[in-house]
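In: quick one: sequence plus predicted model below, questions after.
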Amino acid sequence: QLQLVESGGGLVKPGDSLRLSCTVSGSPSDYYAIGWFRQAPGKEREGVSCIRSRLDFVFTDPSLEDRFTISRDSAGVYLQMNNLRPEDTGVYYCAARIGHISQPICEDERFVDVWGQGTQVTVSS
């Protein structure tokens, strides 16, 4: 059974960087796509960035792509976040889709089959 465990969150100042990691219990062949969602206080969960296991397609929310970069290796998936802002505060979730889907999974949380427990990111001066 595929399991996802996030790490790397914390309290940082505006302008700082963080790298989130998601360790996958299985292998890249166990999922079709993997990525990151986030949920700010009082808001709905939203997609941030996602990537297919074959590395042939990457999607990042256009409002974030100049600061956030997703990457993947055999151990898991990572989210490099630069120039963090207070509005980036929230719980960041790793998410995976097991079966094929044509849309990026981070377009809609209903596309996700497996969730991690989340890691808190707080950006505050």
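Out: Right, received. Where do you want to start? On a predicted model such as this, the values are computed, not experimentally measured, just so you know.

In: start to end distance for stretch 32-49?
Out: Stretch 32-49 has its terminal residues 15 Å apart, counting by Cα to Cα, to the nearest Å.

In: ok, stretch 13-21 next?
Out: Start-to-end span of stretch 13-21 (Cα to Cα) is 19 Å.

In: what comes up buried for it?
Out: Residues of stretch 13-21 classed as buried: 18, 20-21 (neighbour count, 16 or more other Cβ atoms under 10 Å). In this view, the C-beta of every residue, glycine as well, is placed from N, C-alpha and C.

In: mind putting the residues you listed into JSON lines with pLDDT and distance to residue 11?
Out: Converted to JSON lines, those look like this (pLDDT from 0 to 100; distance: Cβ to Cβ, whole Å):
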{"residue": "18", "pLDDT": "98", "distance to residue 11": "10"}
{"residue": "20", "pLDDT": "98", "distance to residue 11": "14"}
{"residue": "21", "pLDDT": "98", "distance to residue 11": "17"}
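
In: okay if I get these as CSV plus distance to residue 115 and secondary structure?
Out: Formatted as CSV, the buried residues of stretch 13-21 follow (distance: Cβ to Cβ, whole Å; DSSP: H, G, I helix; E, B strand; the rest coil):
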residue, distance to residue 115, secondary structure
18, 20, strand
20, 14, strand
21, 16, strand
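
In: all set now, cheers.
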